[in-house]
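Engineer: return a 3D structure for these sequence lines:
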Amino acid sequence: MFSFVYRLVKHYDDAEEITLDTFVRCFRSLAKYDVSRPFTTWLFAIAHNLAVDHLRKIKIHYELDESMMPNPMQDDLAGKYEKKHKMEKIEIALSRLSPADRELVILFHREERSYREISEIVKMPVTTIKVRLYRARKKLAETVRKKEL
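Structural biologist: The predicted model follows:
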């Protein structure tokens, strides 16, 4: 959950606080939880709402935090460097997306949520999510292909 929130707000302390608030709200609202729906989807929806509220309040575009870059594990040094460089480019490209598009990409690819689950989390129709994900992936691919990264 922390990883999801951190990737949205791009600030460690804020992500910690939002993650804690997510679990506190979850605990306080357990009586309202609909057991016929997946628990994790409900939990992600709480985190999403808190992160969006936080971003609305501060209205700051965070820069990419270089310390959070993935460190790929491969056997050969050249392969390690190539994969790390590619992941850095993807992270930079991801940081250039709008927060809403970045969230959709993270939920679908990193958190492996289905379109239906994402729809419940962000309160958007599935068709809108599919279109926005398609466009976000296209932007990511264009940004990664650019030589300036």
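Engineer: helix/strand/coil for Ser36?
Structural biologist: Per DSSP: H, G, I helix; E, B strand; the rest coil, the local secondary structure of Ser36 is coil.
Engineer: that one and Cys26: what is the separation?
Structural biologist: Ser36 sits 17 Å away from Cys26, taking Cβ to Cβ, to the nearest Å as the criterion. Heads up, the C-betas are built off the backbone N, CA and C, glycines and all.
Engineer: higher neighbour count, those two?
Structural biologist: A side-by-side neighbour count of Ser36 and Cys26, using other Cβ atoms under 10 Å, places Cys26 first with 16 against 5.
Engineer: and that one, what does it touch?
Structural biologist: When the contact criterion is Cβ atoms under 8 Å, 6 or more residues apart in numbering, the partners of Cys26 are 42-43, 46.
Engineer: present those as a markdown table; the columns should include neighbour count, secondary structure and distance to Thr22.
Structural biologist: Below are the contacts of Cys26 laid out as a markdown table (neighbours: other Cβ atoms under 10 Å; DSSP: H, G, I helix; E, B strand; the rest coil; distance: Cβ to Cβ, whole Å):
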| residue | neighbour count | secondary structure | distance to Thr22 |
| --- | --- | --- | --- |
| Trp42 | 20 | helix | 11 |
| Leu43 | 18 | helix | 7 |
| Ile46 | 19 | helix | 5 |
